[in-house]
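Peer 1: I would like the atomic coordinates for the input below:
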Amino acid sequence: MINDNLRHDVSAAGLAHLFAVSGLHIGFLAGVVSWVMKKLRTGYLTNVLVTNAVLLFYAGLCCWSSSIIRAIVMFDVYAVGKLMGVKNDPLSSLAVAGIVVLTLFPEDLLRVGYHMSMLAVAGLCFYTRGKKVKKRNPFAETLSTSLAVNVTMFPVIASAFSKVSPLGIVSNVLILPIASFMYVFVFVNSFLVLLMPFLRPTLYLSALAVMPIKILVAIVGQLNFGQIAVPAFGYGMALYYLGIAVGSRFLNVSKKVKMPTAAAMIVSSLLVAVLT
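Peer 2: A predicted model of the protein is given here:
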């Protein structure tokens, strides 16, 4: 259980998604299982089937939450496309996954969680690298990922919760690498304890794995600017997302043209939100 003080601190640090049942967990878990299967030199079909089995087991533990099912559907759309030899198009995969999820859970159309998860993935598609690079910079990649997700979700968060965490981008850069290890360790540890109850004392190690996150959120939670109130976007939201689309890597226009245009649209949408 998370007490009220910890819940406030986690929200102020912009890390609430780490403790919510979300697609982030599915991403970490699928990545680890796929990595293990590759090391075992299994075929891609076996890899997908085993990964799905683990993901469905996790979904069952989470009482078949729609957010978990949504993430599994997104994973399967990508996996099936690769099995069929279809060139991966992230936006097409996202669109298909969104349609499948709404077919299964029509009520998700009115849920802010659905909007946020779809926008988070869209932000990654729009503003992160679409191809592999020889020299990777883990810090830059984590920062760009956090920035893309937070900027894309900003209007929905502002309209739904009337407050945002300005430190969320920095907090995510610091914590996401730790969280990836924490999730895997806690999941494996808990699974082993279920199979072998005599290993129960090792759960204290899981508590230690969470400590870095608790320390960071405790520090951020004491800051007066940990959370700031913001107005709802209203009609300005359409202009904001038009600017996001114009500035994305999918619009084949010179950056000298599209970036100032996108910036003008986004700034205008912010003014509309403040003045209306």
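Peer 1: Would you mind giving the domain segments of this structure?
Peer 2: When the chain is parsed with automatic domain parsing, its domains come out as 4-230, 231-276.
Peer 1: which of the ones you listed has the lowest average pLDDT?
Peer 2: Among these, domain 4-230 has the lowest mean pLDDT, at a mean of 81.
Peer 1: How far off centre is that one?
Peer 2: Mean-position distance between domain 4-230 and its chain equals 4 Å (CA atoms, centre = their mean, to the nearest Å).
Peer 1: again with stretch 250-266
Peer 2: On CA atoms, centre = their mean, the centre of stretch 250-266 falls 25 Å from the chain's centre.
Peer 1: and for that stretch, what are the contacting residues?
Peer 2: Residues outside stretch 250-266 that contact it (CB atoms under 8 Å, 6 or more residues apart in numbering): 91, 125-126, 239-240, 242-247. The C-beta positions use only the backbone N, C-alpha and C, and glycine is treated the same way.
Peer 1: of these, closest to A207?
Peer 2: Top of the list for closeness to A207, among the contacts of stretch 250-266 and by CB to CB, is C125 at 36.4 Å.
Peer 1: so what's A120 up against?
Peer 2: 23, 149, 152-153.
Peer 1: Tell me how many other residues surround V80.
Peer 2: 13 (other CB atoms under 10 Å).
Peer 1: swap that for L147, please
Peer 2: Once other CB under 10 Å is used to define contacts, L147 is seen to have 16 neighbours.
Peer 1: Could you double-check that it sits in contact with I169?
Peer 2: Yes: with contact defined as CB atoms under 8 Å, L147 counts as touching I169 (5.7 Å).
Peer 1: Can you list the helices and strands that the longest helix seen in the chain packs against?
Peer 2: The residue-count maximum for a helix in the chain (DSSP state H) belongs to helix 168-195. The elements that helix 168-195 packs onto, with contact taken as 3 or more CB pairs under 8 Å, 6 or more residues apart in numbering; DSSP states H and E, are helix 23-39, helix 138-161, helix 203-221.
Peer 1: Of all the residues in the last one, which ones are buried?
Peer 2: Spelled out, that is helix 203-221. Judged by neighbour count (16 or more other CB atoms under 10 Å), helix 203-221 contains these buried residues: 206, 209-210, 213, 216-217, 220-221.
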